[in-house]
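[1] A structural model of the following input is requested.
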Amino acid sequence: MALSKQQVITLLLTMAWMMIMLPAKTEALVPYNNRPLWDMMIPSEDPFKILEQNPFNLAKNLETINLARADWKETSMHHVISLDVPGMKREDIKIEVEENRVLKLPANSDLENITAHLEDGVLKIKVPKMAQEKKQSKVIDIMEHGTSGEDIKATKSLN
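    Predicted coordinates:
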């Protein structure tokens, strides 16, 4: 069954609209703002209000984490993530490690021994590094002339 040009264009526009409107999997923990698209395009009365807008469109009642700052520092033993969460209590914060969904951790992270500490509105998360195995380099001798007597032939892949 062949689709007409108009049907193909309609299908592509519908798919593009869905991709724009639905949150991505990596944004699953970011609060979803369901304001109509038209309302977001209409400027407010105050032209300087645009300077206060956050591109992530978080809900207005989440002002404390709306523009939370995060720093990532790497030491020889740890990855240290500092996140500003002013006004938040320890009971209000939940940290989960689940398939690197929101923050992709490096491959050398020890996920079993992560610690977190909240003090003065700053959440510090320490991710220990696992010992990396040193790979030994292999030295390959270079022959002057092909002594094996075999010709190198290209073969076709069976895949």
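
[2] rest of the way, CA atoms for contacts and neighbours
    Fine.

[3] scan this structure for its longest helix.
    Longest helix in the chain, counting residues (DSSP state H): helix 5-21.

[4] average pLDDT for that one?
    In this model, helix 5-21 has a mean pLDDT of 80.

[5] what secondary structure does the residue nearest to residue 115 when sequence neighbours are not counted sit in?
    Spatial nearest neighbour of residue 115, chain neighbours left out: residue 126 (5.3 Å); criterion: Cα to Cα, 6 or more residues apart in numbering. Three-state call for residue 126 (DSSP: H, G, I helix; E, B strand; the rest coil): strand.

[6] ok, residue 73 next?
    Here residue 73 is recorded as strand under three-state DSSP.

[7] bridging residues for it?
    Per DSSP bridges, the residues bridged to residue 73 are residue 80.

[8] from residue 80, how far out is it?
    5 Å (Cα to Cα, to the nearest Å).

[9] more neighbours: which of these two?
    Each of residue 73 and residue 80 has its neighbours counted (other Cα atoms under 10 Å); residue 80 has more, 18 against 10.

[10] look at that one and report its pLDDT.
    For residue 80, pLDDT reads 88.

[11] that one contacts residue 117, doesn't it?
    No - look at residue 80 against residue 117 with Cα atoms under 8 Å: they stay out of range, at 11.0 Å.

[12] overlap in contacts of those two?
    124, 125 (Cα atoms under 8 Å, 6 or more residues apart in numbering).

[13] contacts for stretch 106-122 next, please.
    Contacts with stretch 106-122, where a contact means Cα under 8 Å, 6+ apart, come from 79, 82-88, 90, 97, 123-132.

[14] look up how far residue 122 lies from residue 87.
    10 Å.

[15] and the two? Which one has more around it.
    Neighbour totals were compared for residue 87 and residue 122, and residue 122 leads with 17 against 12 (other Cα under 10 Å).

[16] brilliant, that's me finished.
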